[in-house]
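# 3D model of this:
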Amino acid sequence: MASVFEILGWDHEEVKRMLSEFETGPTAATGASADQLALRKKMAQALVIGESRHEAAEEMYFWPTVRERLPDGDQLADLAIGQEQEAKEVLARLDKAEADDPEFEDLLAKFISAGREHIAFEEAQVWPGLRVVLTEAEAAELGDKLEQAKNKASTRPHPHTPALPGVLKSTGPAAAAVDKVRDAMSHRGD
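This is a model prediction of the structure:
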């Protein structure tokens, strides 16, 4: 069973890889073809889906653990959830933008910067303290909860849903079901 740090670390590495691809890939402004722009849009959808699932799982299980187990947990969680809220708003707009729209690249640039900042904050400011207070078994159990939550989580950002574990655990499955139906009907994420 993978620990919480492994699960989140794998997600972070995947996001960083995607962000690098976005930075080096062709854009509408640099003369990308229609096929390249379609691929860029598909990559953005994959980013939105992955981040939506990741953040929902963190808000249900990771940040409550940080609040409970670290002396400055409330402060750390509040800052991180604020970052995640801003990211959800950007991702919701990015998900609707087309790759040939200049706003698409503006939103991507904003997310790239914020995403890297959030990952660095989490890994440097939160993980070290949590590694000290969690046993190996607790870290593995939290990793398992995150993995299960990600598999059941919404595939779209919901910036107007409060980032409260109880709310997310009760309304999240319904939102995820609706999102997955919408995805299937529109072939989003295929």
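
# isn't Ile49 right next to Ala153, touching?
No: contact criterion CB atoms under 8 Å: Ile49 and Ala153 do not qualify, at 9.6 Å. In this view, the C-beta of every residue, glycine as well, is placed from N, C-alpha and C.

# neighbour count for those two, which is higher?
With neighbours defined as other CB atoms under 10 Å, Ile49 and Ala153 compare such that Ala153 has more, 25 against 21.

# and the more buried one, what are its phi and psi?
Main-chain torsions, Ala153, degrees, to the nearest 10: phi -80, psi 160.

# helix/strand/coil for Pro71?
Secondary structure assignment for Pro71 (DSSP: H, G, I helix; E, B strand; the rest coil): coil.

# quick one: Met43 and Glu86, what's the gap?
Relative to Glu86, Met43 is positioned 21 Å away (CB to CB, to the nearest Å).

# which of the helices or strands spans the closest residue to Leu146 other than its chain neighbours?
Of all residues not flanking Leu146 in the chain, Ala57 sits nearest, at 4.6 Å (CB to CB, 6 or more residues apart in numbering). Using DSSP states H and E, Ala57 sits within helix 34-57.

# in CSV, list the C-alpha atoms belonging to that helix.
Provided in CSV are the C-alpha atoms of helix 34-57 (Å, rounded to 0.1, in the frame of the first residue of the first chain):
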residue,chain,number,x,y,z
ALA,A,34,-5.6,22.5,-35.8
ASP,A,35,-4.5,19.0,-34.8
GLN,A,36,-1.9,20.5,-32.4
LEU,A,37,-4.5,22.8,-30.8
ALA,A,38,-6.9,19.9,-30.5
LEU,A,39,-4.2,17.9,-28.6
ARG,A,40,-3.5,20.9,-26.4
LYS,A,41,-7.2,21.1,-25.5
LYS,A,42,-7.3,17.4,-24.8
MET,A,43,-4.2,17.8,-22.5
ALA,A,44,-5.9,20.7,-20.7
GLN,A,45,-9.0,18.5,-20.2
ALA,A,46,-6.7,15.8,-18.7
LEU,A,47,-5.1,18.4,-16.4
VAL,A,48,-8.5,19.6,-15.3
ILE,A,49,-9.8,16.1,-14.6
GLY,A,50,-6.7,15.0,-12.7
GLU,A,51,-6.5,18.2,-10.6
SER,A,52,-10.2,18.1,-9.8
ARG,A,53,-9.9,14.6,-8.5
HIS,A,54,-6.7,15.4,-6.6
GLU,A,55,-7.9,18.5,-4.9
ALA,A,56,-11.3,16.9,-3.9
ALA,A,57,-9.4,14.0,-2.3
